[in-house]
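Peer 1: when you get a sec, could you give me coordinates for this:
(chains A, B, C and D)
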2 protein chains.
Amino acid sequence: MHSPKRMLFLDLVLSVFRLNGLLIAEGDDMTEALGLTSARWKVIGVIALANSGLTVPGIARVLGQSRQAVQRITDVMVTDGLLSYQSNPKHKRSVLVLLTEEGRAAYKDLRDVQDPWAIQNTEDIPIEDLDAGLRLVRRLIQKFDK
Amino acid sequence: MHSPKRMLFLDLVLSVFRLNGLLIAEGDDMTEALGLTSARWKVIGVIALANSGLTVPGIARVLGQSRQAVQRITDVMVTDGLLSYQSNPKHKRSVLVLLTEEGRAAYKDLRDVQDPWAIQNTEDIPIEDLDAGLRLVRRLIQKFDK
DNA sequence: TGTTAAATGACAACATACTGACATAGATCA
DNA sequence: TGATCTATGTCAGTATGTTGTCATTTAACA
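Peer 2: Below is the predicted model:
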């Protein structure tokens, strides 16, 4: 039967798809002047937020994407001077991905447009709602992440 | 400053990206035996859930995608016999997209795997949490949708 | 009504992402 | 230790999705 709970869940799934597309479009608009694209600010954001060094597959895991897709982006970004690879003492082949000086500057520019955007879009949403939503999303991520 | 609210929001955005990727992977695994792909079951799902006839740009709006991307998928699906185009009395050029007999059978198969999946993944989540999460996602969608 | 703006189909170019496959490095465990 | 399984880099092919452009249809409106 079409239980309310099941319909709610399927509705939530479709809505997440839609929100995902809208968020990428928002980010692209926001960073157009910075010469960034969605694939690039996603990677920059993940690296900047990580305390320790991340490998390419590590970034892919955080983003829920294939390691090959991330590898392709990071290779181009290294060529463009935003990222650099550093030898990894823990793994002979899997290098660490770091922000270069230029990459850190790009992250600063990113934050300069992202922060007002985040503030503007949450000013009428209670922090408790955001927190509860994040907890639900994380709970679902845990279910599906292997 | 890194206000908690802003960090929460950015964390939520990244988490939505990740959940989106995981959900698509889940759906692809689930429908692999049915010969469907994520792009296809999204379209089938939208048409099946719509009461009235939808046009290609209409489907695109529901999914938050470009009409060109949807057009390409539906063209292939018409060739494969899952969908059919029907002349639209309200618009000379923009036809309506309908499920064929085969398309309806595919939707039934889709539901047969999707329903247990939905039930299984929500059994330990209170319906109030799902409802609150859906409301938050919709609230954000409204913000970004135009 | 006539003009203008918006929506749509069609086509092209490009960006992004997934899967598969293979070789090598690392981890696990008997 | 040695065998086996997993993780990673790399390359190739394919699917998905975006943007841009142009012609045509539809809608809006002065």
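Peer 1: only C-alpha atoms from now on, for both contacts and neighbour counts.
Peer 2: OK.
Peer 1: mind listing what A:Thr15 touches?
Peer 2: Not Thr; residue A:15 is Ser. Shown in contact with A:Ser15 (CA atoms under 8 Å, 6 or more residues apart in numbering or on different chains): B:134, B:137-138, B:141.
Peer 1: nope, A:Ala132 is what I meant
Peer 2: Under the criterion of CA under 8 Å, 6+ apart, the contact partners of A:Ala132 comprise B:129, B:133.
Peer 1: A:Leu98 - that's part of a strand, no?
Peer 2: Yes - using DSSP: H, G, I helix; E, B strand; the rest coil, the secondary structure at A:Leu98 is a strand.
Peer 1: contact residues of chain A facing DNA strand D?
Peer 2: A:21, A:25, A:28, A:55-58, A:67-68, A:71, A:93-95 (CA under 7 Å from any atom of the strand).
Peer 1: just the buried members of the residues you listed?
Peer 2: The neighbour-count test (16 or more other CA atoms under 10 Å in any protein chain shown) applied to the residues of chain A next to DNA strand D identifies A:21, A:25, A:28, A:55-58, A:67, A:71, A:94-95 as buried.
Peer 1: for chain A, just list every one of the helices.
Peer 2: A:4-31, A:38-49, A:56-63, A:67-79, A:101-120, A:127-144 (DSSP state H).
Peer 1: for chain A, what helix or strand is lowest in average pLDDT?
Peer 2: In chain A, no helix or strand scores lower on mean pLDDT, DSSP states H and E than helix A:4-31, which sits at a mean of 87.
Peer 1: pull out the buried residues from it.
Peer 2: A:5-6, A:8-9, A:12-28, A:30-31.
Peer 1: distance from that helix to the middle of the chain?
Peer 2: 15 Å (CA atoms, centre = their mean, to the nearest Å).
Peer 1: hang on, the earlier thing: which stretch in the helices of chain A is the model least sure about?
Peer 2: The weakest mean pLDDT among the helices of chain A belongs to helix A:4-31, with a mean of 87.
Peer 1: go ahead and confirm A:Leu99 touches A:Asp80.
Peer 2: No - the pair A:Leu99 / A:Asp80 is not scored as a contact, 11.6 Å apart, by CA atoms under 8 Å.
Peer 1: neighbour count winner among the two?
Peer 2: Set A:Leu99 next to A:Asp80 and count neighbours by other CA atoms under 10 Å in any protein chain shown: A:Leu99 wins out with 22 against 12.
Peer 1: how about A:Val16, what does it touch?
Peer 2: With CA under 8 Å, 6+ apart, A:Val16 has these contacts: B:16, B:19-20, B:137.
Peer 1: export the residues of chain A next to DNA strand D to a markdown table and tack on distance to chain B?
Peer 2: Converted to a markdown table, the residues of chain A next to DNA strand D look like this (distance: CA to the nearest CA, whole Å):
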| residue | distance to chain B |
| --- | --- |
| A:Gly21 | 6 |
| A:Ala25 | 9 |
| A:Asp28 | 13 |
| A:Thr55 | 17 |
| A:Val56 | 16 |
| A:Pro57 | 14 |
| A:Gly58 | 13 |
| A:Arg67 | 13 |
| A:Gln68 | 14 |
| A:Gln71 | 17 |
| A:Arg93 | 26 |
| A:Ser94 | 22 |
| A:Val95 | 23 |
